[in-house]
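Participant: Give me a 3D structure for the following:
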Amino acid sequence: MNDPVIYTERLTLFPLSDGAMREMIDRETDPDLRQAYREMLDGCLSHPDERAFSAVWTMRLTGSGEAVGDLCFKGLGPDGCVEIGYGTYPGYEGRGYMTEAVTALTRWALAQPGVSRAEAETDPGNAASQRVLAKAGYVPTGTYGEEGPRFVYAGPRG
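Facilitator: I've put the predicted structure just below:
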């Protein structure tokens, strides 16, 4: 799988290169995030054919190229499940960028061979994240994971 580029109305989404991910790891001061980024890079290196499901995706404004957030999948599960994660950079919240990005990336993922469903998990107190998921077509599963309530994509595919 070549690294894809996804265009939405206002955004350009694409996975970071291995080198850019190494730079991200070197800059990161939070030990938990640093470890998560290392695991993502390891996934890219050990499964190059599924690289887009392990890489950090950047979210940039189409006109200026300004980075406004990032997204990721937590690998491609053996059952075809992908779990999406995301974060908007400070100062860019509340503009609908993340809903636009999560919707586009989820639909892209579900159009890929071997992907059967998309899920997400969010902190129970993170109402903004739960709104993003609802607007992007995710519904609660009624179950909880390590981070909080789980959601599954129930919107249109492709």
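
Participant: Point out where this structure drops to low pLDDT.
Facilitator: The chain contains residues with pLDDT under 70 at 1, 158.

Participant: Please repeat the previous calculation with a cut-off of 90.
Facilitator: Along the chain, segments meeting pLDDT under 90 span 1-3, 146-147, 155-158.

Participant: And the longest strand seen in the chain, what does it pack against?
Facilitator: Criterion DSSP state E: the longest strand present in the chain is strand 67-76. If contacts are counted by 3 or more Cβ pairs under 8 Å, 6 or more residues apart in numbering; DSSP states H and E, strand 67-76 sits against strand 56-61, strand 81-88, helix 97-110. Yep, even glycine has a C-beta here, placed from its N, CA and C like the rest.

Participant: Make CSV from the ones you listed and add mean neighbour count and distance to residue 68 to it.
Facilitator: CSV is the format used below for the helices and strands packed on strand 67-76 (neighbours: other Cβ atoms under 10 Å; distance: least, Cβ to Cβ, whole Å):
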stretch, mean neighbour count, distance to residue 68
strand 56-61, 20, 5
strand 81-88, 20, 7
helix 97-110, 21, 5
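
Participant: would TSV of those with distance to residue 19 be doable?
Facilitator: TSV is the format used below for the helices and strands packed on strand 67-76 (distance: least, Cβ to Cβ, whole Å):
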stretch	distance to residue 19
strand 56-61	12
strand 81-88	21
helix 97-110	22
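
Participant: Looking at these, which is nearest to residue 124?
Facilitator: Set against residue 124 and scored by Cβ to Cβ, the helices and strands packed on strand 67-76 come closest in strand 81-88, at 15.9 Å.

Participant: Could you pull up phi and psi at residue 48?
Facilitator: phi -60, psi -30 (degrees, to the nearest 10).

Participant: List the contacts of it.
Facilitator: Contact analysis of residue 48 by Cβ atoms under 8 Å, 6 or more residues apart in numbering lists nothing.

Participant: returning to that earlier point: so what strands line up beside the longest strand of the chain?
Facilitator: As defined by DSSP bridges, the strand partners of strand 67-76 come to strand 56-61 (antiparallel), strand 81-88 (antiparallel).
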